[in-house]
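show me how the following folds:
(one chain, ligands or ions: 1)
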Amino acid sequence: MDSKVTQLRHQAETEIAAVTTQQQLEEFRIKFLSRKGLIASLFDALRSVKPSEKPALGRLLNELRAHTQGLYDHKAASLESVPKRRTPMDLTLPGRRSYLGSKHPLSQTLDEIKSIFVSMGFGIADGPEIEDDYHNFEALNFPPNHPARDTQDTFFLSDKNALLRTHTSPVQIRVMEKHPPPVRIIMPGRVYRNEAISSRSYCVFYQVEGLFVDRGVTFSDLKGTLVSFIKQFYGSGLKYKFRPTFFPFTEPSADIYITCFVCGGKGCKLCKQNGWLEILGCGMVDPNVFRYVGYDAEKYTGYAFGMGVDRIALLRYGIDDIRLFYENDVRFLNQF
Ligand code: DAH
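Have a look, this model is predicted:
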């Protein structure tokens, strides 16, 4: 029995030295250390040995098992420290290019509009895109069932009173509800309309709203500010005109047009042959709106305006389809 132990010990030592893979290591374990392995079978044989020899032999076998386990553990640790699989490195491959992101053309246009108004003393405010009827319509002097509501192509949400705001004008109401006059702010943001989608109109777009309320604000303040904006944004040589129109929340109201910068006013596809492009709506805040927000309409007057950003961006970058702004195709966005 003694010699069998010594022999097994040598066998284990030789075989562990030849192990180079996890699979061989596992085979070694099964062969020597498992419950049906060579060492276990020697323990089985111990039962048939004379009682007087059992203690010494038992000690010897325990020692053999510990030694073999040690050989196994040592090999397992050394196999793990070798990386399992080396990815071969191909030094002839060209390097990977990293791409720099760019600012979305709508953000660039918005940034420019904001910086012009901020330089003229306007602050910036925003409001929720999910609105209620009161802020989107009622407090802006759209009476219930008034036909002007139909012009807005509203997306109503399942909660009867909730809707996606159709314009940024409700932010005027929210700001005036919170702040006493004077206020001088612009309110950029996203708005939603349930319109037929085409290259010229989309269900989502951006507007910039403006509001200035103080004592003694007049239409000439409106005109001075907006003409100054137009000259800074579109260029000082441009012709512009104000044309009377109707908005429920302003009185009097006007649309501002500039000469078409594609054809210089001669008439083209873009300006629908009339030489002018409408760029914003504006007017003096209707006293009814002041009543809704608790401003004293006898003391204060103000002007408001609103412009669509997408159309401006289309025109300035010569883009022919508004949907490109919302598809996030990097081949398009990379160009800006
Ligand atoms: N809310 C209007 C629209 O979406 C735009 C507008 C026109 C806003 C005149 C104003 C304004 O503040 O005074 O069509």
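
tell me the mean pLDDT for the longest strand belonging to the chain?
Ranked by residue count under DSSP state E, the longest strand found in the chain is strand 204-215. Throughout strand 204-215, pLDDT has a mean value of 97.

again, but for stretch 23-38
92.

with stretch 329-336 instead?
Here the average pLDDT along stretch 329-336 is 90.

stretch 146-155 too?
Mean predicted confidence for stretch 146-155 is 79.

domain assignment for this structure?
By the assignment in automatic domain parsing, the chain contains the domains 2-81, 105-333.

partners of the longest strand of the chain, with directions?
Taking DSSP bridges as the criterion, strand 204-215 forms sheet pairs with strand 183-192 (antiparallel), strand 300-308 (antiparallel).

nearest to the ligand, out of the domains of the chain?
Between the ligand and the domains of the chain, the shortest separation by Cβ to the nearest ligand atom is 2.5 Å, and it involves domain 105-333. From N, CA and C alone the C-beta is placed, and that goes for glycine too.

can I get the domains of the chain in TSV with mean neighbour count and distance to the ligand?
Shown next, in TSV, are those (neighbours: other Cβ atoms under 10 Å; distance: least, Cβ to the nearest ligand atom, whole Å):
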stretch	mean neighbour count	distance to the ligand
domain 2-81	14	67
domain 105-333	17	2
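
now do stretch 167-176: everything it contacts.
125-127, 131, 135-136, 139-140, 152, 183, 185, 187-189, 191, 207-209, 211, 213, 249, 285, 289-290, 292-295, 304, 306 (Cβ atoms under 8 Å, 6 or more residues apart in numbering).

pull the CA coordinates from it and hand them back as PDB.
Extracted C-alpha coordinates of stretch 167-176, given in PDB (Å, rounded to 0.1, in the frame of the first residue of the first chain):
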ATOM      1  CA  HIS A 167     -48.300  77.600 -30.000                       C
ATOM      2  CA  THR A 168     -46.000  79.200 -27.500                       C
ATOM      3  CA  SER A 169     -48.400  81.900 -26.600                       C
ATOM      4  CA  PRO A 170     -49.700  80.000 -23.400                       C
ATOM      5  CA  VAL A 171     -46.300  80.700 -21.900                       C
ATOM      6  CA  GLN A 172     -47.200  84.400 -21.900                       C
ATOM      7  CA  ILE A 173     -50.100  83.600 -19.700                       C
ATOM      8  CA  ARG A 174     -48.100  81.400 -17.400                       C
ATOM      9  CA  VAL A 175     -45.400  84.100 -17.000                       C
ATOM     10  CA  MET A 176     -47.900  86.900 -16.400                       C
END
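
ok, residue 292 - contacts?
Shown in contact with residue 292 (Cβ under 8 Å, 6+ apart): 138, 139, 141, 173.

my bad, should have said residue 31
15, 37, 38.

just to be sure, residue 198 is in a strand?
No. Judged by DSSP: H, G, I helix; E, B strand; the rest coil, residue 198 forms no part of a strand; its state is coil.

and the domains of the chain, which one is worst for confidence?
Comparing mean pLDDT across the domains of the chain, the lowest value falls on domain 2-81: a mean of 89.

roughly how far out does it sit from the chain middle?
62 Å (Cα atoms, centre = their mean, to the nearest Å).

got a list of contacts for the helix or strand harbouring residue 223?
According to DSSP states H and E, residue 223 maps onto helix 219-234. Contacting residues not belonging to helix 219-234 are listed as 112-113, 116-117, 120, 212, 238, 240, 242, 252, 256, 258, 261, 279-280, 282-284, 303, 305 [Cβ under 8 Å, 6+ apart].

can you flag which of those residues belong to helices?
112, 113, 116, 117 (DSSP state H).

and those residues, which is closest to residue 179?
residue 117 (17.4 Å; Cβ to Cβ).

ok, that closest one - contacts?
186, 208, 210, 229.

between the longest strand of the chain and helix 219-234, how many degrees?
For strand 204-215 against helix 219-234, the angle by axes from the mean of the first three to the mean of the last three Cα atoms, to 10 degrees is 140 degrees.

so residue 322 touches residue 314, yeah?
Yes. Counting by Cβ atoms under 8 Å, residue 322 does reach residue 314; the two are 6.0 Å apart.

returning to that earlier point: reformat the strands paired with strand 204-215 as TSV; add distance to residue 147.
Listed next are the strands paired with strand 204-215 as TSV, based on distance: least, Cβ to Cβ, whole Å:
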stretch	distance to residue 147
strand 183-192	20
strand 300-308	20
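
now for those, which one comes closest to residue 100?
It is, among the strands paired with strand 204-215 and with distance given as Cβ to Cβ, strand 183-192, at 25.3 Å.

out of the strands paired with strand 204-215, which gets nearest to residue 55?
Closest among those, once you apply Cβ to Cβ, is strand 183-192, at 87.1 Å.

can I get the domains of the chain in CSV including distance to residue 96?
Output for these, formatted as CSV (distance: least, Cβ to Cβ, whole Å):
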stretch, distance to residue 96
domain 2-81, 30
domain 105-333, 16
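
quick one: which of those domains is nearest residue 95?
Between the domains of the chain, domain 105-333 lies closest to residue 95; by Cβ to Cβ that is 20.1 Å.
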